[in-house]
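J.: The sequence and its predicted three-dimensional model are supplied below.
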Amino acid sequence: MSNNGKNNSIGHKTDRAHSTSRKHVVQNSIAVLAAENDGIGPGIDIVLFDGVCNLCNKSVSFIIDRDRVRRFRFASLQSDVATRLMQDAEVNPEILDSIVLISGGEISIKSTAALKIARRLSGFWPLFYVFIVIPTPIRDYLYDIIARNRYRWFGRRSECRIPDENEKELFLG
């Protein structure tokens, strides 16, 4: 059902036809990235994160440590890769202060992205996906409180994370 072409919370049209074409554009962008980066292909999900946020960087390390099948690839929201993906998907990168998951050409943000990531980790973390039943506005309200205060509570880096040699293949760009 269309909502008459209104913009949704990530700054793009939400009617079904536009959503389908955006998904194809994102898939094409990922195909271009695959040609430029080894290790991107079917079954690979891309996580975009705030590269200067200490909490976000710790979250990336957390994901890497629990991603036994190496399904995730990462790029900071400040990177050219993230900018290109967001532009191709017609998402306003200025409004994204959130973790972003690109999986199967679909984009998830905030609490939905975090829960979908948790579902794919090893250990008991997939159990957290049960919280997906909580309405998104409630989950995102809590997420936004943390996002708004993340620099104050966890600190900020002066520059984006530089992956070590063991992690280099997991980062795009």
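T.: Yep, that arrived. Numbering: from 1, shown residues only.

J.: C-alpha coordinates for stretch 65-76, CSV please?
T.: Provided in CSV are the C-alpha atoms of stretch 65-76 (Å, rounded to 0.1, in the frame of the first residue of the first chain):
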residue,chain,number,x,y,z
ASP,A,65,34.5,-11.0,17.2
ARG,A,66,31.1,-12.8,16.9
ASP,A,67,30.9,-13.1,13.1
ARG,A,68,32.3,-16.6,12.7
VAL,A,69,31.3,-16.9,9.0
ARG,A,70,32.7,-13.5,8.1
ARG,A,71,29.3,-12.4,6.7
PHE,A,72,29.8,-8.7,7.5
ARG,A,73,31.8,-6.0,5.7
PHE,A,74,32.1,-2.5,7.2
ALA,A,75,32.5,1.1,6.1
SER,A,76,32.3,4.3,8.1
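
J.: Would you map the helices across this protein?
T.: Taking DSSP state H as the test, the helices found in the chain are 16-36, 54-66, 80-88, 110-119, 136-154.

J.: Where among those is average confidence lowest?
T.: Comparing mean pLDDT over those, the weakest stretch is helix 16-36, at a mean of 49.

J.: how much space between the residue nearest in space to the middle of the chain and residue 164?
T.: Geometric centre of the chain, nearest residue: residue 100, 1.9 Å, by Cα atoms, centre = their mean. Taking Cβ to Cβ, to the nearest Å as the measure, residue 100 falls 23 Å from residue 164. For every residue, glycine as well, the C-beta is placed using N, CA and C.
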